[in-house]
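Q: Coordinates only, no sequence provided:
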């Protein structure tokens, strides 16, 4: 899934400019002729593949999509030696953190390549390249742009909102910051456009109507729009859906795909030295303790007995990971999430019978006894179930504790306080963009 070299040049240069990298490292040009990059159906499809390729960026794959938010919670320990990752593990992140800055820039690199697709594909004129096909390509790019902005807004909150390709140098790069409400509104606009225009069949590894609706359910949950969250989740599940009939981790809606030619090193980072791994991330004692006796998910999530140190199992291709060719997917969206969204949303609306029915699909599949949800227990019970169900799959734990006002209570003993509710903007961007002001974070 690689874009042609010319579009890579556009994406790299334009995003480097947006991220305020040293201009002396870039050829002295005033603009980048993006209009020549996407002119045919083939180049339009190659450009879209380029967006997916940027989502697979190595820094995003481990630090961005997984490790940093997991370190910044009670989910995982920063067991490596990188000082910038240890800052996240210590809940003491400084604006000068280069690992964070790289992730931040990489997310905008995905956005910028998506912006090129969104801006240029509608203007392609070629016999046989229909409007429906163009609209589908644009819709996939909007889905990926929305996914990146959701990651940004849930971790950094107020961030720059960039909706057009970055092709010029100068003042145009001094993008103003947008509020989290503005970011969420754009996310919903992109996802609703995607739902309308995506025509390709449902696919685990590409955007589809199903995955766009699933992401809308997540957005509604995060914003506390309970009726919409339940409705969207149920639309994805369909009438009569039964999670207990689907094996654990086989219930994928949208995952990040890898091949042996375009693989990942996740098992290398999660694996211990006994497995030839670096062991940069390990399960916390809180996560281990959260699994109840008899929980079938534990054996697919953590190995606590084979070696001296417990380690994560969600990315088990350790030998292949050492060579960077592991094909373990990252589980971005699963049906289990839709079931638990429907359960939480129903409970918030006082429908505890429906909430319990959905919730216990997850419990039953895990081999655990059913629990009847009520007004007193539903919040902590659902949060605990989400903790074990989605362990090592993304930022869910940190986001869940923040959105439910539980972060200081749960993470306080490991140093979390009110100013940890948002990560700092990278200082290099603040220094080089006159329109950016540092947010109200702990070390800002």
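A: That came through fine. A quick note: this is a predicted structure, and the numbers were derived from the prediction, not measured.
Q: pLDDT weak spots in the stretch 251-400 of the chain?
A: Judged against pLDDT under 70, the stretch 251-400 of the chain has no low-scoring part.
Q: residue with max distance from the center of the protein?
A: Centroid-distance maximum for the chain: residue 127 at 37.0 Å, with CA atoms, centre = their mean.
Q: and the helix or strand encompassing residue 153, what other elements does it pack with?
A: Applying DSSP states H and E as the criterion places residue 153 in helix 131-155. Helices and strands touching helix 131-155, by 3 or more CB pairs under 8 Å, 6 or more residues apart in numbering; DSSP states H and E, are helix 41-55, helix 98-120, strand 159-160, helix 180-197, helix 209-223, helix 396-403. Placement of C-beta: from N, CA and C, glycine included.
Q: how distant is stretch 376-387 from the center of its chain?
A: 22 Å (CA atoms, centre = their mean, to the nearest Å).
Q: Now do residue 372 against residue 355, distance only.
A: 9 Å (CB to CB, to the nearest Å).
Q: Now the helix holding residue 153: buried residues?
A: For helix 131-155, a neighbour-count test (16 or more other CB atoms under 10 Å) marks 133-155 as buried.
Q: now swap in stretch 287-303 and tell me
A: Here stretch 287-303 shows 287, 290, 291, 295, 297, 298, 301, 302, 303 as buried, counting by 16+ other CB under 10 Å.
Q: And that stretch, end to end?
A: Using CA to CA, to the nearest Å, one end of stretch 287-303 lies 12 Å from the other.
Q: Show me the strands in the chain, by range?
A: Counting by DSSP state E, the segments of the chain that form strands are 76-78, 159-160, 177-178, 252-256, 281-283, 302-303, 311-312, 330-334.
Q: Can you tell me which of these is nearest to residue 65?
A: strand 330-334 (5.7 Å; CB to CB).
Q: Who does the closest one pair with, and is each partner parallel or antiparallel?
A: strand 252-256 (antiparallel) (DSSP bridges).
Q: Next up, the contacts around the residue lying closest to residue 200 once chain neighbours are set aside.
A: Nearest non-adjacent residue to residue 200, counting by CB to CB, 6 or more residues apart in numbering: residue 136, 5.7 Å away. Neighbouring residues of residue 136 by CB atoms under 8 Å, 6 or more residues apart in numbering: 197, 198, 199, 200.
Q: Identify, from those, the entry nearest to residue 100.
A: residue 198 (32.3 Å).
Q: That closest one against residue 213, yeah?
A: No. Using CB atoms under 8 Å, residue 198 makes no contact with residue 213, being 9.8 Å away.
Q: The two - which one has more neighbours?
A: residue 198 (25 against 22; other CB atoms under 10 Å).
Q: returning to what we had before: among the strands of the chain, which is nearest residue 186?
A: Taking the strands of the chain one by one with CB to CB, strand 177-178 is closest: 8.1 Å.
Q: Please report the distance of residue 75 from residue 187.
A: Applying CB to CB, the value for residue 75 to residue 187 is 24 Å.
Q: my read: residue 227 touches residue 349, true?
A: Yes. The pair residue 227 / residue 349 is scored as a contact, 6.7 Å apart, by CB under 8 Å.
Q: hmm, back to that, and the average pLDDT for the helix holding residue 153 is what?
A: Averaged over helix 131-155, pLDDT sits at 98.
Q: tell me the angle that helix makes with helix 396-403.
A: 70 degrees (axes from the mean of the first three to the mean of the last three CA atoms, to 10 degrees).
Q: which non-adjacent residue is nearest residue 327?
A: Nearest one to residue 327, counting by CB to CB, 6+ apart, is residue 258 at 4.7 Å.
Q: My understanding was that the one you found contacts residue 329; is that so?
A: Yes. Residue 258 is within contact range of residue 329, at 6.7 Å (criterion: CB under 8 Å).
Q: Of those two, give the one with the bigger neighbour count.
A: Neighbours per residue (other CB under 10 Å) separate residue 258 from residue 329, with residue 258 holding more: 23 against 19.
Q: sorry, back to before: from residue 40, how far out is the residue nearest to residue 327?
A: 28 Å.
Q: what does residue 229 give?
A: 41 Å.
Q: Would you mind measuring from residue 333 to residue 91?
A: To residue 91, residue 333 is 27 Å away according to CB to CB.
Q: Which of the two has more residues huddled nearby?
A: The residue with more neighbours, out of residue 333 and residue 91, is residue 333; 23 against 16, by other CB under 10 Å.
Q: So in terms of bridging, what pairs with the more buried one?
A: Residues in beta-bridge contact with residue 333 (DSSP bridges): residue 254.
Q: contacting residues for it?
A: 211, 214, 215, 218, 252, 253, 254, 255.
Q: Over to residue 325?
A: 260, 261, 263.
Q: now with 7 Å?
A: For residue 325, the contact set (CB atoms under 7 Å, 6 or more residues apart in numbering) comprises 260, 263.
Q: what about residue 122, how many neighbours?
A: Quick note: residue 122 (other CB under 10 Å) scores 14 neighbours.
Q: Enumerate every residue touching it.
A: 134, 138.
Q: try it again with 10 Å
A: By CB atoms under 10 Å, 6 or more residues apart in numbering, the contact list for residue 122 reads 38, 44, 131, 134, 135, 137, 138.
Q: Then residue 74?
A: 284-287, 289-290, 387, 397-398, 401, 407, 410-411, 413-414, 416.
Q: Just the buried ones from those?
A: Burial by neighbour count, 16+ other CB under 10 Å: within the contacts of residue 74 this picks out 284, 286, 287, 290, 387, 397, 398, 401, 407, 410, 411, 416.
Q: Nearest to residue 242, out of these: which one, please.
A: Lowest distance from residue 242 to the buried ones among the contacts of residue 74 (CB to CB) belongs to residue 387, with 23.1 Å.
Q: Nearest residue to that closest one in space, please, no chain neighbours.
A: residue 290 (5.2 Å).
Q: any idea how far residue 302 is from the one you found?
A: For residue 290, the distance to residue 302 - CB to CB - is 10 Å.
Q: Then residue 333?
A: As for residue 333, its distance to residue 302 is 22 Å (criterion: CB to CB).
Q: what's the answer for residue 273, then?
A: 17 Å.
Q: quick revisit: just the closest of the contacts of residue 333 to residue 80, please.
A: Nearest to residue 80 among these, with distances taken as CB to CB, is residue 255, at 25.2 Å.
Q: Need the nearest residue in space to the closest one, chain neighbours excluded.
A: Among residues not flanking residue 255 along the chain, residue 329 sits closest, at 3.9 Å (CB to CB, 6+ apart).
Q: and if you look at residue 299?
A: residue 313 (7.7 Å).
Q: Surely residue 298 and residue 292 touch.
A: Yes. Look at residue 298 against residue 292 with CB atoms under 10 Å: they come within range, at 8.7 Å.
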